[in-house]
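S.K.: predicted structure and sequence below. I'll ask about it afterward.
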Amino acid sequence: MFKSFDVCIRGDGVVGRALALLLAKERLKVALVTHASGSRPADIRAYALNRTSKQLLESLRVWPSERFATPVHNMQVWGDDGGEIDFNAQSAGQDALTWIVDVPQLEAQLLQACGYQGLIETVNMSADAPVTAPLSIICEGKNSASRSDMAAQWTRKPYAQKAIAARLDSDQPHSSAARQWFTKHGEVLALLPMGGSQGNSLALVWSVNDERATLLENLPPDEFCAQIAAVCQHSVGNLRLTTERASWPLALSSADHWVGPGWALAGDAAHTVHPLAGQGLNLGLADAASLCQVLAGREYWRGLGDEKLLRKYERSRKAEVAAVGAVTDGLQRLFTQTQPPWQSLRNWGMNGFAASLPLKNWLTKRAAGSSL
């Protein structure tokens, strides 16, 4: 172990490992703190990453091959009463709207890259001595145990919903299309393409109320797939469940302070949003890039843990995160209203938006992470 470190990163998920690699490129010695890991269930997560996130990970040489990072060329969204929007990458001048990335593969490539970087040392929190450094960065996720040590207050608005995730195979190719359905019961079901452009594998993310989540998680696989097919109106072929199901509660959450003397929060340890827009990991990676940029650009006489310096990072990120949180929260509330007037309004709005090509292309570029 190094005698001293410049930065201690607590949490070795995607955001923590990416940040460690970014800081090591700036010649900083990094302690990457991980918890002891026993046997864990297979990770079935998949995330939609935009162009900015892709460029960041490519700069670190950890972007997965197409088999594990499937480009999305089309995205179709259906409302609960005739509303429909179709986003197309080509019509907006993009090669892809987003990429659906297999998280276990990405984490494995990040782990390998960190192992080859001599300025990063992995420290087991339970087995090794505590690490001290001028700056500690908390990347432990929404259930961070270290956040309370930093006197950061955590505000959580629960949605009384869970997200159910699973992997499926279809007897039809996905054609690089992502599909999402909003139902009259306030559910949001997304099927995301995986396995490359010619694949037929799908990642499921299904937001449902707590009671229904318990029911769905305990259904036999064939009945579970039948429930999915009913929401999709049997439009995606015959489905087969290929993994276990996982679930987690949904909430809009944020810390009141992201930084203080000698510490900073990043990723889900600082904020969470509803997954319906697929922006969670994009926000976390943007945190990592912004924090690294602030630290690299500091005055030569200013320490890494200087609170005034760290405030620059907080200011640069809070506005964007708040805006994404407000949009996803507003959509979630809009589609959980079951009264007929609200149903008519939201579907009218979807169709009106779909008819506005300039507005739709603008949003497509924004969501893809392209400059406007």
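M.R.: Thanks, I have it. Residues are numbered from 1 along each chain as shown.
S.K.: mind checking how far residue 156 is from residue 268?
M.R.: 12 Å (Cβ to Cβ, to the nearest Å). Bear in mind the C-beta positions are built from the backbone N, C-alpha and C, glycine included.
S.K.: which of the two has more neighbours?
M.R.: The residue with more neighbours, out of residue 156 and residue 268, is residue 268; 23 against 11, by other Cβ atoms under 10 Å.
S.K.: who's in contact with the more buried one?
M.R.: Shown in contact with residue 268 (Cβ atoms under 8 Å, 6 or more residues apart in numbering): 15, 141-142, 280, 284.
S.K.: part of a helix, is it?
M.R.: Yes: under DSSP: H, G, I helix; E, B strand; the rest coil, residue 268 falls within a helix.
S.K.: residue contacts, the residue nearest to residue 256 when sequence neighbours are not counted?
M.R.: Spatially, and ignoring its direct neighbours in sequence, residue 256 is nearest to residue 153 (4.5 Å; Cβ to Cβ, 6 or more residues apart in numbering). Residues in contact with residue 153 (Cβ under 8 Å, 6+ apart) are 255-257.
S.K.: in helices only, show me the contacts of residue 268.
M.R.: 15, 280, 284 (DSSP state H).
S.K.: ok, the second one touching residue 48?
M.R.: The reference is to residue 280. No: with contact defined as Cβ atoms under 8 Å, residue 280 does not reach residue 48; the gap is 9.0 Å.
S.K.: just to revisit the earlier point, for the ones in helices among the contacts of residue 268, which one is nearest residue 93?
M.R.: residue 280 (26.1 Å; Cβ to Cβ).
S.K.: what sits closest to that closest one if chain neighbours are left out?
M.R.: In this structure, residue 280 finds its nearest non-sequential neighbour in residue 273, 6.1 Å apart by Cβ to Cβ, 6+ apart.
S.K.: neighbours of that neighbour, how many?
M.R.: The burial count for residue 273: 25, using other Cβ under 10 Å.
S.K.: can you tell me how far it is from residue 250?
M.R.: For residue 273 relative to residue 250 (Cβ to Cβ), the value is 9 Å.
S.K.: now residue 290, what's its secondary structure?
M.R.: Per three-state DSSP, residue 290 ends up helix.
S.K.: from now on call the first residue 44
M.R.: I'll keep to 44 as the first residue from here, and by that count the last item is residue 333.
S.K.: burial count for it?
M.R.: Residue 333 - counted by other Cβ under 10 Å - has 18 other residues nearby.
S.K.: now do the phi/psi pair for residue 119.
M.R.: Dihedral angles of residue 119 (phi, psi; degrees, to the nearest 10) stand at phi -120, psi 130.
S.K.: for the protein, which spans come out with low pLDDT?
M.R.: When residues are selected by pLDDT under 70, those of the chain lie in 44-46, 79-85, 123-126, 135, 169-172, 320, 374-415.
S.K.: name the residue most distant from the centre of it?
M.R.: residue 344 (35.7 Å; Cα atoms, centre = their mean).
S.K.: in this structure, which spans are helices?
M.R.: 57-68, 94-102, 146-159, 253-260, 264-274, 323-339, 350-378, 383-398, 400-411.
S.K.: thanks a lot, catch you later.
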